[in-house]
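>>> The sequence isn't on hand, but the structure is:
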């Protein structure tokens, strides 16, 4: 009886086991879900037949030329522990052909299914993980490479999408596209990918774009900058330089600049805009006296810029800016508007501005009003007898043949402005009895070496080395008010040589003939021992640097008498002596002519 009960229990257990074994495949079998005609999910689902648990997502269909296989733990459209394989497949439905894959992603991701115009889109968003492209082509550099690894984070917005034709299509137009944004705070780097079906790799190119955070930061910075006169002026100047910028916007910003509080910074900003308008409008840069090749001169834009410059100048002139008043008046005179120029020059002259007085004298001269022009030149030189103003006044009197006025202006410039050139010129006038520029100035005086020496000494005290030339010349020749004294002349020539060397002076202060004369005279002193220690070789060297007839003659004498050592055969020495005498004789030297007659007898 007991044995029968055991058999019944075993039999019942076997029936339960058999029934369980029959039902188990039905319980454990994964479910297959279709999304459109091309996308299939195979794996565990929940009671609502949504992916939940371990599964696999892939594209299928006859048109499939490339294949995506996504494995992982599904929870709705989110996949953790995901593995995504992207690549080529020989057979449309072969999920095992992974050796030809072009890319792989591992990590956490989301997917979405879209249907647009008969195409089914499978969109991946990689949230956190690593994308490894095992064969890729960099379009930016133009070559294939073997591996590119990108770490994806939620903020990077890394998205891929596939689309395919319906399942019954034979066009093989399954496409793949992806992009990956990497924001480093200032620049957003965008990588664009697509599958190269022929080579089995992924091509990508890189694009850079400013991030929104930086755009906002720059916008705020720009607004803060435009709230200051300097920043606004910089913006206006950049727009002036850019011909494509509408001039109406430049005018609007300029009005905003003028409306700002009148401070030193605002005035300087307005002046910068004026200068840029004038530079681009005329092409002339007064700072370096050069012309700008890329200016707007002669165009409508250039005329607008000059009009704007005039408007701005008037605004700050009304605020009492003297420099802009002078600049504006000179520009009016240049443009032929003498009436307006006189009006503004008069305003400056009434305030004692020398440049305004000069401009006013110019305007009256332009109108051929000699009396008024002379009046303002007189006031100008009483105010400021600087070199440039004196030159302007002398040019005016030269045109009116007033040599007496020119001489007075030179004396005024020398006395009041300590003009060294004026001192030298006055010395020359009294030493020679006329001006070196006699044809233009018409200045003639009675020769007076004492007066000449007075001006030369003042020029010397002012630092002129050339004055030593002329002082030595006065002592060498002697004349009215100065007794001939070649010893004193020799000392001055010696001083000159010790200071700078006769041949190393400024050519504008000592002309070549003056240097030549000084070399001969110093050589003569060294040859004869006049005022200095006798030195024949040094005298020879100085004679060689002079073109005076006496210097050629003295060289001939020294060579003929063998006072200098020259390695020459007797016949060559005699030939050279004859050439030196001949050169001096051709210049009218009588002793050289007598020496030649003696040699030819």
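Perfect, I can see it now. Since this is a predicted model, take the numbers as computed values, not measurements.
>>> from here on, contacts and neighbour counts on C-alpha atoms
Fine.
>>> Now do the same contact list for residue 315.
Not one residue lies near residue 315 by Cα atoms under 8 Å, 6 or more residues apart in numbering.
>>> so it is in which element?
Assigned by DSSP states H and E, residue 315 belongs to helix 300-318.
>>> Check the offset of the helix or strand following that helix from the chain's centre.
Downstream of helix 300-318, the next assigned helix or strand under DSSP H and E is helix 322-334. In terms of Cα atoms, centre = their mean, to the nearest Å, the centre of helix 322-334 is found 29 Å from the chain centre.
>>> heads up, I number from 59, so please use that
Understood, numbering begins at 59; the last thing we discussed is helix 380-392.
>>> Which strands or helices does helix 380-392 pack on?
Here helix 380-392 is seen to pack against helix 358-376, helix 396-408, helix 412-424 when contacts are counted using 3 or more Cα pairs under 8 Å, 6 or more residues apart in numbering; DSSP states H and E.
>>> My reading is that residue 620 is in a helix; is that accurate?
No - the assignment for residue 620 by DSSP: H, G, I helix; E, B strand; the rest coil gives coil, which leaves it out of any helix.
>>> measure it to residue 306 for me?
Look at residue 620 and residue 306: by Cα to Cα, to the nearest Å, they are 89 Å apart.
>>> next one: residue 640
Residue 640 is 81 Å from residue 306, where distance means Cα to Cα.
>>> Who has more neighbours out of the two?
Neighbour count, other Cα atoms under 10 Å: between residue 640 and residue 306, residue 640 has more, with 21 against 9.
>>> where's the more buried one, which helix or strand?
Residue 640 belongs to helix 628-644 when assigned by DSSP H and E.
>>> same deal with residue 102?
Applying DSSP H and E as the criterion places residue 102 in strand 97-103.
>>> residues making contact with whatever helix or strand comes next after that strand?
Per DSSP H and E, the first helix or strand lying C-terminal to strand 97-103 is strand 109-117. Applying Cα under 8 Å, 6+ apart, the set of residues contacting strand 109-117 from outside is 96-104, 125-135.
>>> Surely residue 515 and residue 524 touch.
No - assessed by Cα atoms under 8 Å, residue 515 is found out of contact with residue 524, at 10.7 Å.
>>> between the two, who's got more neighbours?
Applying other Cα under 10 Å to residue 515 and residue 524 shows that residue 524 carries more neighbours, namely 23 against 20.
>>> Torsion angles phi and psi at the more buried one?
Phi and psi for residue 524, reported as degrees, to the nearest 10, are phi -60, psi -30.
>>> Same check on residue 267?
phi -140, psi 140.
>>> That one bridge partners, please.
residue 246 (DSSP bridges).
>>> ok, it - how many residues close by?
Neighbours of residue 267 (other Cα under 10 Å): 12.
>>> swap in residue 502?
Residue 502 is flanked by 17 other residues according to other Cα under 10 Å.
>>> pretty sure it is touching residue 493, no?
Yes - because the distance of 6.6 Å satisfies Cα under 8 Å, residue 502 is recorded as touching residue 493.
>>> Quickly list what's touching both of the two.
With Cα under 8 Å, 6+ apart as the test, residue 502 and residue 493 both reach residue 487.
>>> can I see the domain layout of this structure?
Domain assignment for the chain by automatic domain parsing gives 89-270, 618-659.
>>> Can you tell me which of the ones you listed has the worst average pLDDT?
Least confidently modelled of the domains of the chain is domain 89-270, at a mean of 68 by mean pLDDT.
>>> Quickly list what residue 163 is bridged to.
For residue 163, the beta-bridge partners are residue 142, residue 189 (DSSP bridges).
>>> contacting residues for it?
140-143, 187-190 are the contacts of residue 163 under Cα under 8 Å, 6+ apart.
>>> any chance of these in JSON lines, with neighbour count and distance to residue 209 too?
Formatted as JSON lines, the contacts of residue 163 follow (neighbours: other Cα atoms under 10 Å; distance: Cα to Cα, whole Å):
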{"residue": "140", "neighbour count": "23", "distance to residue 209": "15"}
{"residue": "141", "neighbour count": "19", "distance to residue 209": "15"}
{"residue": "142", "neighbour count": "20", "distance to residue 209": "15"}
{"residue": "143", "neighbour count": "22", "distance to residue 209": "16"}
{"residue": "187", "neighbour count": "20", "distance to residue 209": "6"}
{"residue": "188", "neighbour count": "17", "distance to residue 209": "5"}
{"residue": "189", "neighbour count": "19", "distance to residue 209": "6"}
{"residue": "190", "neighbour count": "18", "distance to residue 209": "9"}
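>>> which of those residues lies closest to residue 302?
For the contacts of residue 163, the closest approach to residue 302 (Cα to Cα) belongs to residue 189, at 44.9 Å.
>>> now the closest one: how far from residue 217?
Taking Cα to Cα, one finds residue 189 at 11 Å from residue 217.
>>> Give me the distance between the helix or strand that contains residue 455 and the centre of its chain.
Taking DSSP H and E as the criterion, residue 455 maps to helix 445-457. Here the centre of helix 445-457 is set off from its chain's centre by 39 Å, with Cα atoms, centre = their mean.
>>> Which neighbouring elements make contact with the helix or strand just after it?
Following helix 445-457 in sequence order, the next helix or strand is helix 461-474 (DSSP H and E). If you count contacts as 3+ Cα pairs under 8 Å, 6+ apart, helix 461-474 packs onto helix 445-457, helix 478-490.
>>> Now do the buried residues in the helix holding residue 455.
445, 447-449, 451-452, 454-456 (16 or more other Cα atoms under 10 Å).
>>> That helix versus helix 412-424: what angle between them?
10 degrees (axes from the mean of the first three to the mean of the last three Cα atoms, to 10 degrees).
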